[in-house]
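Asker: Structure of the sequence below:
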Amino acid sequence: MGTAETAGGRRGPVPGPIGAGLARLYRVAIARINRRFDEGRGVVRFDRPVISVGNLSVGGTGKTPLVRHIVRVLLEAGHRPCIAMRGYKGGAGESDEAAAYRREFAEVPVVAQSNRTDGLIALFGEEHDSDGPHRDCVVLDDGFQHRQVGRELDIVLIDASRSPFEDRLLPAGWLREPVESLKRAGLVVVTHAESVSAEHLRELDSKIAAVRGRGAEAVTRHAWDGVEVHEGAGCVDRGVSWLRGKRVLAVCAIGNPGPFLAEAERTAGTPLAGSIVLRDHDAYAAPTVQRIIERARESGAHVVLVTAKDWAKLRNVRPDAWPCPVAVVRLELTFVRGEASLLEAVQSTVERGVPEGD
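Answerer: Residues are numbered from 1 along each chain as shown. Sure, this is the predicted structure:
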């Protein structure tokens with residue numbers, strides 16, 4: 001069989017015949033687990049609606065920007081959401097995504113722990129004893145496989161630049177579930193449309209429709225809305241044009257670094273001074289930070305460019321340690337199509353509440 005080349009040319013964790021054999025065993029185990037959840041065994045239903053945002057594969061597909069978008073829409077509509085997530089540890093003991101959510105949504109509780117069910121029970125228990133406003137809905141970050149928490153709406157993201165139809169199950173590839181699991185998705189959103197051709201999008205939509213009987217409800221692009229420039233103790237918001245012509249050292253620890261690096265070079269309009277790509281959720285330990293600082297100095301970089309996830313762990317580095325400014329990308333989702341239908345589904349899910357008997 002040879003080595004396992006999967007979506008985007010990524011090799012699976014265990015290539016070759018051994019990986020293929022383990023993937024077959026993994027498929028059997030996943031099917032057994034999903035049958036149990038399909039029957040309702042081990043599922044906890046809360047007294048308020050849950051909206052899950054997830055995907056099929058390991059690594060980033062744009063879940064965080066979509067969760068942020070949904071939370072903003074719910075807040076603007078007068079709802080009181082909370083966010084629940086697994087919560088990978090950052091260098092300062094805080095989950096990187098959780099820290100980014102807390103920075104943007106100071107009024108939104110964030111449950112970030114491995115057992116999200118227990119975390120939500122604790123949060124709602126505290127609310128019961130409080131006179132403050134109670135949460136009326138939950139947005140579950142990376143919840144498609146976390147089926148212990150019952151949900152009223154399952155939104156599944158597919159990265160157009162790393163099609164799951166060209167991947168394999170773990171550990172031969174990077175899929176956490178087979179593509180057939182898309183049948184239980186309430187909505188499918190294709191992300192990173194900016195990274196592929198229109199023909200590729202049409203082919204991907206046809207494959208989605210072949211599995212679930214209809215194509216994706218929405219298609220999105222990732223767009224840079226600006227940069228937050230940190231220099232010394234100061235911070236200034238700039239447009240993305242500020243990066244034009246600068247020598248950029250791009251640094252990231254995200255699931256899919258390709259689009260970030262490509263956009264960094266496109267925005268700068270010149271080849272990158274360098275790039276440092278770390279494993280997803282890297283803790284940015286002191287030796288890693290020192291390597292970034294030295295690389296910035298040696299390359300003559302005008303700016304170190306990072307994502308909000310990365311800055312959540314780098315923001316505690318002494319400002320005077322950096323040889324140049326650090327710019328944090330403000331990333332937003334823009335919809336190619338389907339925004340109205342997706343937001344209508346989200347809002348109607350919250351307004352309907354939890355069906356009687358659940």
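Asker: ok, now how distant is A185 from C324?
Answerer: Separation of A185 from C324 (Cβ to Cβ, to the nearest Å) stands at 44 Å. (C-beta placed from N, C-alpha, C; glycine too.)
Asker: Those two: which has the busier surroundings?
Answerer: Applying other Cβ atoms under 10 Å to A185 and C324 shows that A185 carries more neighbours, namely 23 against 20.
Asker: Let me see the contact set for that one.
Answerer: Neighbour list for A185: 144, 154-156, 212 [criterion: Cβ atoms under 8 Å, 6 or more residues apart in numbering].
Asker: again, only this time at 7 Å
Answerer: 154, 156, 212 (Cβ atoms under 7 Å, 6 or more residues apart in numbering).
Asker: do L243 as well
Answerer: Counting by Cβ under 7 Å, 6+ apart, the residues that L243 touches are 227, 267-268, 303, 327.
Asker: just for the chain, where's the confidence low?
Answerer: Where the chain drops to pLDDT under 70, the residues are 1-10, 88-95, 132, 357-358.
Asker: can you map out the strands along it?
Answerer: 50-55, 81-85, 110-112, 137-141, 153-159, 187-191, 218-231, 234-238, 248-252, 274-277, 303-306, 326-337 (DSSP state E).
Asker: For the third one, give me every contacting residue.
Answerer: Put plainly, it is strand 110-112. Residues contacting strand 110-112 (Cβ under 7 Å, 6+ apart): 82-85, 87, 95, 98, 101-102, 119-120, 123.
Asker: And the fourth one, by the same measure?
Answerer: By Cβ under 7 Å, 6+ apart, the residues outside strand 137-141 that reach it are 46, 48-53, 63, 67, 70-71, 74, 79, 81-85, 97, 120, 146, 149, 151, 350.
Asker: Counting neighbours, which of those end up buried?
Answerer: 46, 48-53, 63, 67, 70-71, 74, 79, 81-85, 97, 120, 146, 149, 151, 350 (16 or more other Cβ atoms under 10 Å).
Asker: Now the most centrally placed residue in the chain. Nearest residue, chain neighbours left out?
Answerer: Centre of the chain computed as the mean C-alpha position; nearest residue by Cα atoms, centre = their mean is K63, 3.1 Å away. Of all residues not flanking K63 in the chain, V53 sits nearest, at 5.3 Å (Cβ to Cβ, 6 or more residues apart in numbering).
Asker: From T64, how far out is that neighbour?
Answerer: As judged by Cβ to Cβ, V53 and T64 stand 9 Å apart.
Asker: ok, now L204?
Answerer: For L204 relative to T64 (Cβ to Cβ), the value is 22 Å.
Asker: where along the stretch 1-150 of the chain do the helices fall?
Answerer: For the stretch 1-150 of the chain, helices defined by DSSP state H, counting those that start in this stretch occupy the ranges 16-38, 63-76, 96-104, 116-128.
Asker: Check the stretch 201-350 of the chain too.
Answerer: Using DSSP H, counting those that start in this stretch, helices in the stretch 201-350 of the chain cover 257-268, 286-299, 308-314, 339-352.
Asker: Can you check what angle separates the first one from strand 248-252?
Answerer: Put plainly, it is helix 257-268. Orientation check (axes from the mean of the first three to the mean of the last three Cα atoms, to 10 degrees): helix 257-268 against strand 248-252 gives 160 degrees.
Asker: For helix 257-268, list every residue counted as buried.
Answerer: In helix 257-268, counting by 16+ other Cβ under 10 Å, buried: 257-261, 263-264, 267-268.
Asker: for stretch 143-153, same thing?
Answerer: Here stretch 143-153 shows 143-147, 149-153 as buried, counting by 16+ other Cβ under 10 Å.
Asker: ok now that stretch, how far from the chain's centre?
Answerer: How far stretch 143-153 lies from its chain's middle: 16 Å, per Cα atoms, centre = their mean, to the nearest Å.
Asker: Please name the residues that touch V304.
Answerer: V304 makes contact with 249, 251, 292, 296, 322, 324, 326, according to Cβ under 7 Å, 6+ apart.
Asker: what do you get if the cut-off is 8 Å, keeping everything else the same?
Answerer: 248-249, 251, 292, 296, 322, 324-327.
Asker: Buried members of these into PyMOL, please.
Answerer: Only the buried entries of the contacts of V304 go into this PyMOL selection, using 16+ other Cβ under 10 Å:
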select buried, resi 248+249+251+292+296+322+324+325+326+327
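Asker: re earlier: right, and out of the buried residues of helix 257-268, which lies closest to A193?
Answerer: Of all the buried residues of helix 257-268, A193 sits closest to P259, with 10.5 Å by Cβ to Cβ.
Asker: so that closest one touches H222, yeah?
Answerer: Yes. Using Cβ atoms under 8 Å, P259 is in contact with H222, at 6.2 Å.
Asker: what residues are shared contacts of the two?
Answerer: What both P259 and H222 touch, as defined by Cβ under 8 Å, 6+ apart, is the set 192, 194.
Asker: And for L331, the neighbour number?
Answerer: If we define neighbours as other Cβ under 10 Å, then L331 has 20 of them.
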